[in-house]
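Trainee: predicted coordinates and the sequence they were generated for:
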Amino acid sequence: MRPNKEPSYKHGMIARTAVVLVNLGTPDAPTAPALRRYLRQFLSDPRVVEIPKAVWWFILNGIVLPFRSSKSAAKYASIWTKEGSPLRVHTEKQASLLRGYLGERGHDVQVVHAMRYGQPGLPEVLDKLKVDGCDRILVLPAYPQYSGTTTASIFDAVFKHYSRVRNVPELRLVKHYHDHEGYLLALKKAILTYWDMHGRPDKLVMSFHGVPKRTLMLGDPYHCECHKTARLLAAQLQLGAEEYVVTFQSRFGKAEWLQPYTAPTLKALAREGRRRVDVICPGFISDCLETLEEIAMEAKQDFLTAGGKEFHYIPCLNEDNAWISGMAEIAEQHMIGWPTVLTPLMRDDLRKEAEVSRQQATSLGARE
Ligand SMILES: C=CC1=C(C)c2cc3[nH]c(cc4nc(cc5[nH]c(cc1n2)c(C)c5CCC(=O)O)C(CCC(=O)O)=C4C)c(C)c3C=C
Ligand SMILES: [Fe+2]
Ligand SMILES: [Fe+2]
């Protein structure tokens, strides 16, 4: 593939650093046509659905899109805010706060957000960073636990984008932070703060987004990373094995996904006589459809209908201070060695480079 034309090289351009916080993406509106566009892009990704292309094309276009688009639109409508989709609103705010936190730590970096599916798309965001002179890019997926279905799909999109670029920036990718201290401490603090205000449950349910069980059998470490997060978090909270359970939600399609599933577990807990459960979704750093609708509405109803008395949903980390500070630590650790803090000497060098560029431009102009 032939690379696209570059903006002409300029001496003395300050090579800047950017952090790109990449989330899954979300529809532009809670309507069936918007859902159709979003789901088509999302579910056409071979990292997400590993069924042979031709077979899946018929299922996607003949069954999934016609039926799921309007059903999902109604669900999105129930969580939509004045500012838009919660996932987009939180991701935008996180990026802007992260820039401030990194700035306070002395880093002169741009922080932007991008979506794997939908807007703002990764290609446009990466193109804009090039125009802004960013020659060092740190890609920070919004997924603490690595999965081929999510994290690797972001990496695919980044590589695909740069395969058409001539002057490729220096690139670093954060693979995961499921066991990072900053992430775990933020979760611990959020749970303890919640319990200080509302008391403790009979059981803490840690519900993670599921993936097909087949991906685990084929070597995807996602299941193990979810369990590691849960184990470390439980240890920090000093919970015994009886006091918490790890479950997997959001099953899609007919195949078996990671077990135990969240909704049946909640029903079983209610039937066993557990009066109160608290549910947290540590795999999501922002509240979204899967937490606000599937857990805080649907799963709550399931638990109460099965005889449970109190259901508490503990929100995602979102704009939590400890979490933004944790994200800043994660980003900082991956930027080690990059000159994100401009010293007076570096500024001086850049001024000299810029002078060379100006002189070259003048002599070129004189020759023409
Ligand atoms: C947190 C990590 C996620 C993994 C792993 C994941 C895998 C995965 N998801 C689907 C199918 C759907 N997911 C949908 C929504 C959705 N998924 C995640 C995150 C993970 N998905 C988020 C954050 C969201 C919410 C987005 C939002 O706008 O709020 C949806 C769309 C909603 C719906 O129609 O139900 C689908 C479909 C698969 C197939 C998969 C792994 C193979
Ligand atoms: Fe999903
Ligand atoms: Fe495992």
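Mentor: Arrived safely. Numbering: from 1, shown residues only. Ligands and ions are numbered 1, 2, ... in the order given.

Trainee: just the element for the single nearest residue of the chain relative to ligand 3, please.
Mentor: Closest contact between the chain and ligand 3, by CB to the ion, is at Cys224 (3.6 Å). No exception for glycine: its C-beta is placed from N, CA and C like everyone else's. Under the assignment given by DSSP states H and E, the secondary-structure element containing Cys224 is helix 222-236.

Trainee: helix or strand next in line after that helix, which one?
Mentor: strand 244-249.

Trainee: helices of the protein, start to end?
Mentor: When assigned using DSSP state H, the helices of the chain occupy the ranges 32-43, 53-59, 65-77, 86-104, 122-131, 151-162, 181-198, 213-217, 222-236, 262-271, 289-292, 300-305, 321-334, 344-367.

Trainee: alpha carbons of the first one, as CSV, please.
Mentor: Right, the one you point to is helix 32-43. As requested, C-alpha coordinates have been extracted for helix 32-43 and formatted as CSV (Å, rounded to 0.1, in the frame of the first residue of the first chain):
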residue,chain,number,x,y,z
ALA,A,32,-32.3,2.5,15.2
PRO,A,33,-30.4,4.0,12.2
ALA,A,34,-27.5,5.2,14.4
LEU,A,35,-27.4,1.8,16.1
ARG,A,36,-27.3,0.1,12.7
ARG,A,37,-24.3,2.1,11.6
TYR,A,38,-22.5,1.6,15.0
LEU,A,39,-23.3,-2.1,15.2
ARG,A,40,-22.4,-2.7,11.6
GLN,A,41,-18.9,-1.3,12.1
PHE,A,42,-18.4,-3.0,15.5
LEU,A,43,-19.7,-6.4,14.6
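
Trainee: just the angle between the helix holding Cys224 and helix 151-162, please?
Mentor: What separates the directions of helix 222-236 and helix 151-162 is an angle of 120 degrees, with axes from the mean of the first three to the mean of the last three CA atoms, to 10 degrees.

Trainee: can you list the helices of the chain in JSON lines and add mean pLDDT and mean neighbour count?
Mentor: Below are the helices of the chain laid out as JSON lines (pLDDT from 0 to 100; neighbours: other CB atoms under 10 Å):
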{"stretch": "helix 32-43", "mean pLDDT": "97", "mean neighbour count": "18"}
{"stretch": "helix 53-59", "mean pLDDT": "96", "mean neighbour count": "11"}
{"stretch": "helix 65-77", "mean pLDDT": "97", "mean neighbour count": "16"}
{"stretch": "helix 86-104", "mean pLDDT": "96", "mean neighbour count": "20"}
{"stretch": "helix 122-131", "mean pLDDT": "96", "mean neighbour count": "16"}
{"stretch": "helix 151-162", "mean pLDDT": "98", "mean neighbour count": "18"}
{"stretch": "helix 181-198", "mean pLDDT": "98", "mean neighbour count": "17"}
{"stretch": "helix 213-217", "mean pLDDT": "97", "mean neighbour count": "15"}
{"stretch": "helix 222-236", "mean pLDDT": "98", "mean neighbour count": "19"}
{"stretch": "helix 262-271", "mean pLDDT": "98", "mean neighbour count": "20"}
{"stretch": "helix 289-292", "mean pLDDT": "98", "mean neighbour count": "23"}
{"stretch": "helix 300-305", "mean pLDDT": "98", "mean neighbour count": "16"}
{"stretch": "helix 321-334", "mean pLDDT": "98", "mean neighbour count": "20"}
{"stretch": "helix 344-367", "mean pLDDT": "65", "mean neighbour count": "11"}
